[in-house]
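Colleague: need a 3D model of the sequence below.
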Amino acid sequence: MPGETVAAIVLAAGEGSRFGGGKLFADFGGKPLVCAVVEEALKSPVDEVIVVVGYEAGRMRGICGHYGVRIVENRDWREGQSTSVRAGLAACGPEVGAVVVMLGDQPFAGAGAVRRLVEAYERGARVAVATYGGERRNPVLFRRDVWPSLEMELSGDRGARPFLQRHPEMVFDVECGEVASPEDVDTEEDLVRLSKEEERR
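Modeller: Numbers count the residues shown, from 1 in each chain. Modelled structure (predicted):
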């Protein structure tokens, strides 16, 4: 743990097909939706932010690049979210002791939740999952020693949920309902609703 760093991996490679494409470029409070997540990652207690891009990679690189984050291109993004997690892990240097995986379409699952996960890691958690009213959602922190198992079990677009279900002994639930919200954007209606919530904040 001493000398090790924590990185945030923002998954921003998907097309957003249920949204009709281009979801993460959609306007959210006057800027692309993905920017809200990147800004939250930058406010959180991590040492580095890595953004994994894929769909319209050049455009996404241009949007996120000016934040000073590291951009990693996942050329296999069509094969599902698991490939983006792998790309993010592969981009981490040997100094990284843990990563927090964040989704680019969850603008309110931000710095407050990441802070609680990092605190759990500092207390010894190997896998720390944000929960909201007891329900596991995102973000999720993975300590480096579990990455090999995680990568072996990741598949397609299922994310880490099967891994979490198969390894309950590793998982530390962290209630984040007071500091964050897991609501995501799947449709235009979601975007409108969360945009109004953003205006009220």
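Colleague: and the most centrally placed residue in the chain, what does it touch?
Modeller: Geometric centre of the chain, nearest residue: Met102, 0.9 Å, by Cα atoms, centre = their mean. Met102 makes contact with Ala8, Ile9, Val10, Leu11, Val37, Glu40, Ala41, Ala109, Gly110, Val114, Asn138, Pro139 under the criterion Cβ atoms under 8 Å, 6 or more residues apart in numbering. The C-beta positions use only the backbone N, C-alpha and C, and glycine is treated the same way.
Colleague: element containing the closest residue to it other than its chain neighbours, please.
Modeller: In space, and not counting its chain neighbours, Met102 is closest to Pro139: 4.6 Å by Cβ to Cβ, 6 or more residues apart in numbering. Following DSSP states H and E, one finds Pro139 within strand 135-143.
Colleague: what helices and strands are in contact with that strand?
Modeller: Contacts defined by 3 or more Cβ pairs under 8 Å, 6 or more residues apart in numbering; DSSP states H and E place strand 135-143 against strand 96-103, helix 111-122, strand 127-132, helix 161-166.
Colleague: outside of that strand, which residues touch it?
Modeller: Contacts of strand 135-143 (Cβ under 8 Å, 6+ apart): 6, 8, 97-103, 106, 109, 113-114, 117-118, 120-121, 125-131, 150, 160-161, 164, 173, 182.
Colleague: enumerate every residue touching Leu89.
Modeller: With Cβ under 8 Å, 6+ apart, Leu89 has these contacts: Ile9, Val99, Trp147, Leu150, Glu151.
Colleague: same list (the residues you listed) but as CSV, adding pLDDT, neighbour count and secondary structure.
Modeller: Shown next, in CSV, are those (pLDDT from 0 to 100; neighbours: other Cβ atoms under 10 Å; DSSP: H, G, I helix; E, B strand; the rest coil):
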residue, pLDDT, neighbour count, secondary structure
Ile9, 98, 28, strand
Val99, 98, 28, strand
Trp147, 97, 18, helix
Leu150, 95, 23, helix
Glu151, 93, 15, helix
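Colleague: could you dump these to CSV with distance to Val53?
Modeller: Shown next, in CSV, are these (distance: Cβ to Cβ, whole Å):
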residue, distance to Val53
Ile9, 12
Val99, 17
Trp147, 21
Leu150, 21
Glu151, 20
